[in-house]
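Participant: Structure, please.
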Amino acid sequence: MVMDVRKIGSVASLHRYPVKSMMGEELNATKVGTRGFQGDRAFAIADAETGKIASAKNPSKWPTLFNFRAIFAEPLNGDALPPVRITFPDGSTVSTEDKSIATRLSSSLGKPVRFLKGTTAAGTLEEYWPDIDGLARRDVVTDEAMPAETFFDLGMIHLITTATLDSFRGLYPEGRFEPRRFRPNLVIQTAPDSKGFPENEWDEKILAIGSEVKIKITGPCGRCVMTTLPQGDLPRDTAILKTAVRHNQARVGAYAAVLQGGVIKAGDPVQIETA
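Facilitator: Got it, this is the predicted structure:
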């Protein structure tokens, strides 16, 4: 089969979140492997009593996770990961190498937690489904399984296009549809005339990024309560999720698996392969 390759945009920005559900860091370049961006979701917090992974998907239980930020303390030059520096809501910091990290996190979060690096089994997190028409569940908390040996919700890479963000901004001008609300790894700058939600048409398609990396779209990213939560200067806004539900079945962006690893950087061309 002869594949047609066409450019669909370029890399607008790259993002990594070293600790699950904490704020992360924007990158100029990153290595990409079978588990996505190097160092992404390398660490997590677990409820010491239940063993479930802490996630902002259940904000009543973990209301302050978005007030923490995690960044690697050194550049990632090899396969071994350097320590991560976590900044607490009060501005204090702790290294992931500090033996007191679980104690300090427990004190700040108001409940006993364990700090995890890597996992060998499939974890579980709790997700709150807000009372919004069109969601599969409403006003209930469910247990959601995570892929084995990872701290990801579903896919290894989450991407979103500027066309999708612009489309939602047009549908709800009062809202702030900024990438950080959706915690993508990859933001693709699409052409100015690109309309609607391009990711909807990319299921099972292959994207070539730069000269090395290839990823395969595995499905749309259904959104949750996290998109409505405040972070930094972004206010709480339930209409963000309501708009996504009303106009695109709660989908914003897509998940992808890595077919071929390598290095990608901001500005790299993004091409799509179609039959």
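Participant: can you give me the offset of stretch 204-219 from its chain's centre?
Facilitator: How far stretch 204-219 lies from its chain's middle: 17 Å, per C-alpha atoms, centre = their mean, to the nearest Å.
Participant: try stretch 23-33
Facilitator: The answer for stretch 23-33 is 12 Å, by C-alpha atoms, centre = their mean.
Participant: Distance across that stretch, terminal residue to terminal residue?
Facilitator: 22 Å (C-alpha to C-alpha, to the nearest Å).
Participant: what's next to it, contact-wise?
Facilitator: The contact list for stretch 23-33 (C-beta atoms under 8 Å, 6 or more residues apart in numbering) reads 13-18, 37-38, 66, 68-72, 76, 157, 183, 213, 215, 231-232, 258, 261-266. To be clear about C-beta, it is placed using only N, CA and C from the backbone, and glycine gets the same treatment.
Participant: in this protein, which spans are helices?
Facilitator: For the chain, applying DSSP state H gives helices covering 101-109, 162-171, 179-182, 238-248.
Participant: Select, out of those helices, the one closest to Met146.
Facilitator: helix 179-182 (18.5 Å; C-beta to C-beta).
Participant: thinking again about what came up before, export the helices of the chain to CSV and append columns for mean neighbour count, distance to Asp203 and mean pLDDT.
Facilitator: Below are those laid out as CSV (neighbours: other C-beta atoms under 10 Å; distance: least, C-beta to C-beta, whole Å; pLDDT from 0 to 100):
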stretch, mean neighbour count, distance to Asp203, mean pLDDT
helix 101-109, 17, 38, 98
helix 162-171, 18, 15, 98
helix 179-182, 20, 19, 96
helix 238-248, 19, 14, 97
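Participant: right, and those - which one's nearest Ala136?
Facilitator: Taking the helices of the chain one by one with C-beta to C-beta, helix 238-248 is closest: 10.3 Å.
Participant: The closest one relative to helix 162-171, how many degrees between them?
Facilitator: With axes from the mean of the first three to the mean of the last three C-alpha atoms, to 10 degrees applied, the angle from helix 238-248 to helix 162-171 works out at 110 degrees.
Participant: Show me where the stretch 51-200 of the chain has its strands.
Facilitator: Secondary structure of the stretch 51-200 of the chain, counting by DSSP state E, counting those that start in this stretch: strands at 69-72, 84-87, 93-95, 113-117, 124-129, 140-145, 157-161, 186-190.
Participant: Tell me which of those sits most buried.
Facilitator: strand 157-161 (a mean of 25; mean count of other C-beta atoms under 10 Å).
Participant: re the thing from before, would you show me how to pick out the buried ones of the contacts of stretch 23-33 in PyMOL?
Facilitator: Per 16 or more other C-beta atoms under 10 Å, the buried members of the contacts of stretch 23-33 correspond to this PyMOL selection:
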select buried, resi 13+14+15+16+17+18+37+38+66+68+69+70+71+72+76+157+183+213+215+231+258+261+264+266
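Participant: From the contact counts, what lies against the biggest strand by length in the chain?
Facilitator: As assigned by DSSP state E, the longest strand anywhere in the chain is strand 4-16. Packing contacts for strand 4-16, counted by 3 or more C-beta pairs under 8 Å, 6 or more residues apart in numbering; DSSP states H and E, involve strand 25-27, strand 29-33, strand 186-190, strand 206-209, strand 262-265, strand 269-274.
Participant: for those, which one sits closest to Thr142?
Facilitator: Of the helices and strands packed on strand 4-16, nearest to Thr142 by C-beta to C-beta is strand 186-190, at 27.7 Å.
Participant: In its sheet, which strands sit next to that closest one, and in what direction?
Facilitator: Under the criterion DSSP bridges, strand 186-190 sits next to strand 4-16 (antiparallel), strand 157-161 (parallel) in its sheet.
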